[in-house]
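> got a predicted structure plus its sequence, pasted below:
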Amino acid sequence: MPYLIAAGVALSVGLLVAAFATFIPLATRPSRSRLAALGLSDVFARDAAARRSRTRHRVQDLLAYLGERIERPQRDWGPSRTRLVHAGFREPSALPIFLGIRVAAAGLLYFYGVLGALAIGASGGAAIYLGLLGAAFGWVIPNFLLSTRITKRQKAIQKLLPDAVDLLVICVEAGLGLNQAFQRVALEMRHAGELLTTEIAQMNLEIRAGTPREQALMAMAERTGVPDLRSLVTMLVQTDRFGTSVADALRIHADTMRTARQQRAEEEAAKTTIKMVFPLALCIFPALLVVILGPAFIQIMAVFSGLVD
């Protein structure tokens with residue numbers, strides 16, 4: 001048992017050291033300054049980047065191998081692939097790697113759960129129970145992190161979308177076609193938000209490659225999963241089909257999106273009062289009670305102690 005605990009502690013320390021060494025920037029390391037003085041910093045930087053790339057590919061291959069073992073063909077993995085696309089992972093190997101991450105996290109937390117239970121002197125059954133609990137957390141945590149990334153990306157796109165539609169209205173009213181207007185929007189807003197401009201640029205490339213504009217627009221809406229962008233795409237497709245004025249439809253839709261953004265901001269502002277209740281009740285009010293009632297409580301205790309004496 002002591003050897004098992006010592007091995008687990010050594011593994012944990014090694015993983016922490018490797019993680020910290022990976023996240024420390026190269027420019028702040030002492031060896032980087034000495035290499036720069038010798039004129040060898042660029043060479044060693046390229047070698048280090050190549051080694052990191054090879055290591056990353058090896059880890060990805062291992063995780064993909066683990067994921068392929070549980071990726072059953074008879075199961076519908078469409079929703080999982082869609083969520084990965086919404087999170088920005090569009091490679092064919094994204095799903096096996098994600099499943100491999102879940103398997104690796106479950107196995108690692110199972111090991112640490114059993115090790116922690118044995119370290120505190122728990123019985124074998126309790127150790128297995130804690131290990132299974134850790135494995136369940138390891139299986140769920142990657143899915144939670146993926147949902148967090150999806151929400152963050154969609155909020156970033158949704159926040160920038162009204163401004164992009166306003167610029168699209170200006171370009172269309174200035175005489176540009178819809179395809180050229182999208183290209184101009186992607187060019188002008190590349191510094192404001194990379195996510196939305198990347199999606200628009202990919203849509204433009206698909207149109208240039210011969211994809212019909214309607215299919216390219218619908219593909220962009222499916223890739224992001226943002227409801228506001230999907231409504232914009234639906235409006236553009238219907239306008240193109242019925243032959244109505246694109247500029248008028250865009251202007252009305254831009255007004256609607258600005259109103260919706262203002263309403264969301266007002267909703268978030270209204271929630272702040274409720275969100276402040278918990279910090280006030282848990283952090284501020286106890287400190288105020290101690291500061292205000294503390295001296296009075298000390299005096300009351302002194303009076304009662306004098307009466308008892």
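Cool, the structure landed.
> how near is residue 197 to residue 60?
27 Å (CB to CB, to the nearest Å). Placement of C-beta: from N, CA and C, glycine included.
> from the contact counts, what lies against the host helix or strand of residue 127?
For residue 127, the element it lies in under DSSP states H and E is helix 124-173. Counting by 3 or more CB pairs under 8 Å, 6 or more residues apart in numbering; DSSP states H and E, the packing neighbours recorded for helix 124-173 are helix 78-86, helix 94-119, helix 178-188, helix 194-208, helix 213-224, helix 227-242, helix 246-275.
> of residue 197 and residue 60, which one has the most company?
Counted by other CB atoms under 10 Å, residue 197 and residue 60 do not tie: residue 197 has more neighbours, with 19 against 16.
> surely that one touches residue 184?
No. Using CB atoms under 8 Å, residue 197 is not in contact with residue 184; the gap is 11.1 Å.
> that older thread, turn the helices and strands packed on helix 124-173 into JSON lines, including distance to residue 162 and mean pLDDT.
Shown next, in JSON lines, are those (distance: least, CB to CB, whole Å; pLDDT from 0 to 100):
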{"stretch": "helix 78-86", "distance to residue 162": "20", "mean pLDDT": "87"}
{"stretch": "helix 94-119", "distance to residue 162": "30", "mean pLDDT": "85"}
{"stretch": "helix 178-188", "distance to residue 162": "12", "mean pLDDT": "88"}
{"stretch": "helix 194-208", "distance to residue 162": "11", "mean pLDDT": "88"}
{"stretch": "helix 213-224", "distance to residue 162": "15", "mean pLDDT": "90"}
{"stretch": "helix 227-242", "distance to residue 162": "8", "mean pLDDT": "88"}
{"stretch": "helix 246-275", "distance to residue 162": "4", "mean pLDDT": "87"}
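> and the helix holding residue 127 with helix 194-208, angle?
Computed by axes from the mean of the first three to the mean of the last three CA atoms, to 10 degrees, the angle separating helix 124-173 from helix 194-208 equals 60 degrees.
> show me what counts as buried in stretch 280-296.
Residues of stretch 280-296 classed as buried by neighbour count (16 or more other CB atoms under 10 Å): none.
> just the CA coordinates for that stretch, please, in CSV.
C-alpha atoms of stretch 280-296 as CSV (Å, rounded to 0.1, in the frame of the first residue of the first chain):
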residue,chain,number,x,y,z
LEU,A,280,-24.1,39.7,0.2
ALA,A,281,-25.6,36.9,2.3
LEU,A,282,-22.5,34.7,2.4
CYS,A,283,-19.6,37.2,2.4
ILE,A,284,-20.6,40.7,3.3
PHE,A,285,-23.4,40.3,5.9
PRO,A,286,-21.5,38.0,8.2
ALA,A,287,-18.5,40.4,8.2
LEU,A,288,-20.9,43.3,9.0
LEU,A,289,-22.5,41.4,11.8
VAL,A,290,-19.1,40.6,13.3
VAL,A,291,-18.0,44.2,13.1
ILE,A,292,-21.3,45.7,14.4
LEU,A,293,-22.4,43.1,17.0
GLY,A,294,-18.9,41.9,18.0
PRO,A,295,-18.1,44.7,20.5
ALA,A,296,-21.7,44.6,21.9
